[in-house]
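Student: what would the 3D arrangement of this be:
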Amino acid sequence: MAPVAERAVYDQFRMTVHAVTDLSEHLRRVTFRAPELTRHETNGPDEYFGLLMPPPGHAAVTMPSADRLNVRQAIRALPEDQRPDLRWYTIRRLRREVGEIDVDIVLHGDAGPGSRWAGAARPGHEVGFRAGTATYAPPEGARHRLLAADETALPALAAILESGQAAPEGTEPHVFVEVPDESYRQPVAADVPVSWLYRGGDEPGSRLLPAVRAASLPVVDYAWLCGESALASGLRRHLVRDRGVDRRRILFSGYWKLGQART
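Tutor: Residues are numbered from 1 along each chain as shown. Modelled structure (predicted):
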């Protein structure tokens with residue numbers, strides 16, 4: 001797979017909810033504050049982090065040991081009734097001058113702990129932050145870039161497009177987004193054309209995979225494919241088998257899996 005950005009230190013700290021804004025029926029923006037965020041450095045436009053949420057019925061979050069590189073192992077070492085829920089989200093925007101980050105969370109009821117927590121989030125609520133890394137890292141000279149996402153990867157895609165790193169001078173990005181319907185659309189960088197696809201009640205990938213297969217694309221120099229697991233792996237398989245794209249130039253990530261709680 002294509003390499004991702006490396007991070008030497010994975011910071012961990014508490015932060016509080018500063019504001020909650022509903023961007024649409026299905027998308028909630030939560031703004032967090034922490035003094036440590038004034039010193040945080042992102043290493044790419046789609047950097048993600050681990051959101052540590054108190055278990056149901058708890059107001060405060062118990063932080064796992066920061067000494068363990070594997071945060072899930074550190075969580076399992078805690079008493080069962082104190083273990084926080086962990087889900088990974090994109091840092092949509094970092095404002096170091098005030099120690100804030102915006103995080104856009106797709107709402108889907110109580111189907112998973114992230115959506116359940118976000119649906120009830122209020123200013124003053126406490127959570128934990130565990131640093132992650134960025135995945136979008138096209139190699140130098142990658143002119144023709146393919147970016148594809150579903151609704152869960154749309155915040156990361158929007159951050160990439162807004163950063164200008166999807167279409168630096170001399171490059172040609174090809175961007176596809178599949179969402180259930182128009183209500184899931186978000187504003188993205190106006191200077192990059194986006195093919196919006198609507199699957200309705202069909203399975204993830206039912207519109208995106210055929211659209212990419214049918215697209216008249218040049219040789220793809222780099223691909224960023226994120227969203228539902230089968231969608232991302234299906235796109236990767238098509239690029240490798242049918243278009244001859246080098247696996248080392250494809251970044252793909254399953255943000256969630258159909259039939260399982262989103263992670």
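Student: most remote residue from this protein's center?
Tutor: The C-alpha centroid of the chain is most remote from Pro79, which lies 29.1 Å away (Cα atoms, centre = their mean).
Student: measure that one to Pro55 for me?
Tutor: As judged by Cβ to Cβ, to the nearest Å, Pro79 and Pro55 stand 11 Å apart. For the C-beta atoms, the positions are set from N, CA and C on the backbone; glycine is no exception.
Student: which strand or helix spans the residue nearest to Val194 when sequence neighbours are not counted?
Tutor: Nearest residue to Val194 in three dimensions, chain neighbours excluded: Val175, at 4.6 Å (Cβ to Cβ, 6 or more residues apart in numbering). Following DSSP states H and E, one finds Val175 within strand 172-179.
Student: so for the helix or strand just after that strand, mean pLDDT?
Tutor: Remark: after strand 172-179, the chain's next helix or strand is strand 194-198, criterion DSSP H and E. Per-residue pLDDT values over strand 194-198 give a mean of 97.
Student: got the angle between strand 194-198 and strand 172-179?
Tutor: For strand 194-198 against strand 172-179, the angle by axes from the mean of the first three to the mean of the last three Cα atoms, to 10 degrees is 20 degrees.
Student: for strand 194-198, which strands pair with it and how are they oriented?
Tutor: When sheet partners are counted by DSSP bridges, strand 194-198 sits next to strand 172-179 (parallel).
Student: pull the distance from the strand it pairs with to the chain's centre.
Tutor: Strand 172-179 sits 15 Å away from the centroid of its parent chain (Cα atoms, centre = their mean, to the nearest Å).
Student: then stretch 137-157?
Tutor: The chain centre lies 11 Å from the centre of stretch 137-157; the measure is Cα atoms, centre = their mean.
Student: so what's Arg7 scoring on pLDDT?
Tutor: In the prediction, the pLDDT value recorded for Arg7 is 88.
Student: circling back to that earlier point, neighbours around the residue nearest to Val194, how many?
Tutor: When neighbours are defined as other Cβ atoms under 10 Å, Val175 has 22 of them.
Student: nearest residue to Val219 in space, please, no chain neighbours.
Tutor: Among residues not flanking Val219 along the chain, His144 sits closest, at 6.3 Å (Cβ to Cβ, 6+ apart).
Student: and that neighbour, how many neighbours does it have?
Tutor: Counted with other Cβ under 10 Å, residues neighbouring His144 total 15.
Student: if it is in a bridge, with which residues?
Tutor: For His144, the beta-bridge partners are Glu172 (DSSP bridges).
Student: the residue nearest to Val194 reaches Ala158, doesn't it?
Tutor: No. The pair Val175 / Ala158 is not scored as a contact, 10.5 Å apart, by Cβ atoms under 8 Å.
Student: C-terminal to the strand or helix carrying Ile75, what's the next element?
Tutor: Ile75 belongs to helix 71-76 when assigned by DSSP H and E. Sequence order places strand 85-90 as the next helix or strand after helix 71-76, per DSSP H and E.
Student: now that following strand: mean pLDDT?
Tutor: Per-residue scores along strand 85-90 average to 97.
Student: mind listing residues that contact it?
Tutor: Contacts to strand 85-90, defined as Cβ atoms under 8 Å, 6 or more residues apart in numbering, come from residues 46-55, 71-72, 75, 103-105, 112-114, 117, 130, 132, 155-156, 159, 262-263.
Student: show me which of these are buried.
Tutor: 46-54, 71, 75, 103-105, 112-114, 117, 130, 132, 155-156, 159, 262 (16 or more other Cβ atoms under 10 Å).
Student: in helices, which of these appear?
Tutor: Residues of the buried ones among the contacts of strand 85-90 located in helices (DSSP state H): 71, 75, 113-114, 117, 155-156, 159.
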